[in-house]
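Colleague: no sequence on this one, just coordinates:
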């Protein structure tokens, strides 16, 4: 069996495109859960000690990196990319696993 994976997303919303932020979130969450993702936490950054600030953080667990990776390569997700790019000034999408 594949190694379990954790998805970590940090994002800076584009304050001038909050409708796009909502559209992206409404579109991507069903794709993530459909790929077997389990929500660990959705967080708002309250303080940056070091590095670039991110306004939003999402953490989800998956049965494998392949499962979440396939979702990001799907036609359904690709259709959301223009909305994502309008809605967020910056987004980091990290597929991680235990060390």
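Modeller: Perfect, I can see it now. This is a predicted model, so every value here is computed, not measured. Numbers count the residues shown, from 1 in each chain.
Colleague: quick check: longest helix of the protein.
Modeller: The helix that spans the most residues within the chain, counting by DSSP state H, is helix 18-34.
Colleague: wait, isn't residue 97 in contact with residue 66?
Modeller: No: using Cβ atoms under 8 Å, residue 97 is not in contact with residue 66; the gap is 11.6 Å. Where you see a C-beta, it was placed from the backbone N, CA and C, and this is true even at glycine.
Colleague: Quick check: neighbours shared by the two?
Modeller: Shared contacts of residue 97 and residue 66, defined by Cβ atoms under 8 Å, 6 or more residues apart in numbering, are absent.
Colleague: how many neighbours does the nearest residue to residue 13 once chain neighbours are set aside have?
Modeller: Nearest non-adjacent residue to residue 13, counting by Cβ to Cβ, 6 or more residues apart in numbering: residue 21, 4.8 Å away. By the criterion of other Cβ atoms under 10 Å, residue 21 has 20 neighbours.
Colleague: Next, the angle helix 18-34 makes with the very next helix or strand once past the longest helix of the chain.
Modeller: Using DSSP states H and E, the next helix or strand after helix 18-34 towards the C-terminus is strand 38-44. Using axes from the mean of the first three to the mean of the last three Cα atoms, to 10 degrees, the inter-axis angle of strand 38-44 relative to helix 18-34 is 160 degrees.
Colleague: Use 772 as the first number for this chain going forward.
Modeller: From this message on, residue numbering opens at 772, which makes the last subject strand 809-815.
Colleague: Centre of the chain to strand 809-815, how far?
Modeller: Computed by Cα atoms, centre = their mean, to the nearest Å, the chain-centroid distance of strand 809-815 equals 10 Å.
Colleague: Tell me which strands that strand pairs with, and in which orientation.
Modeller: If you go by DSSP bridges, strand 809-815 pairs up with strand 827-833 (antiparallel).
Colleague: so how far is the next helix or strand after the partner strand from its chain's centroid?
Modeller: Per DSSP H and E, the first helix or strand lying C-terminal to strand 827-833 is helix 836-843. Computed by Cα atoms, centre = their mean, the chain-centroid distance of helix 836-843 equals 12 Å.
Colleague: swap in stretch 836-854?
Modeller: Worked out by Cα atoms, centre = their mean, stretch 836-854 lies 10 Å from the chain centre.
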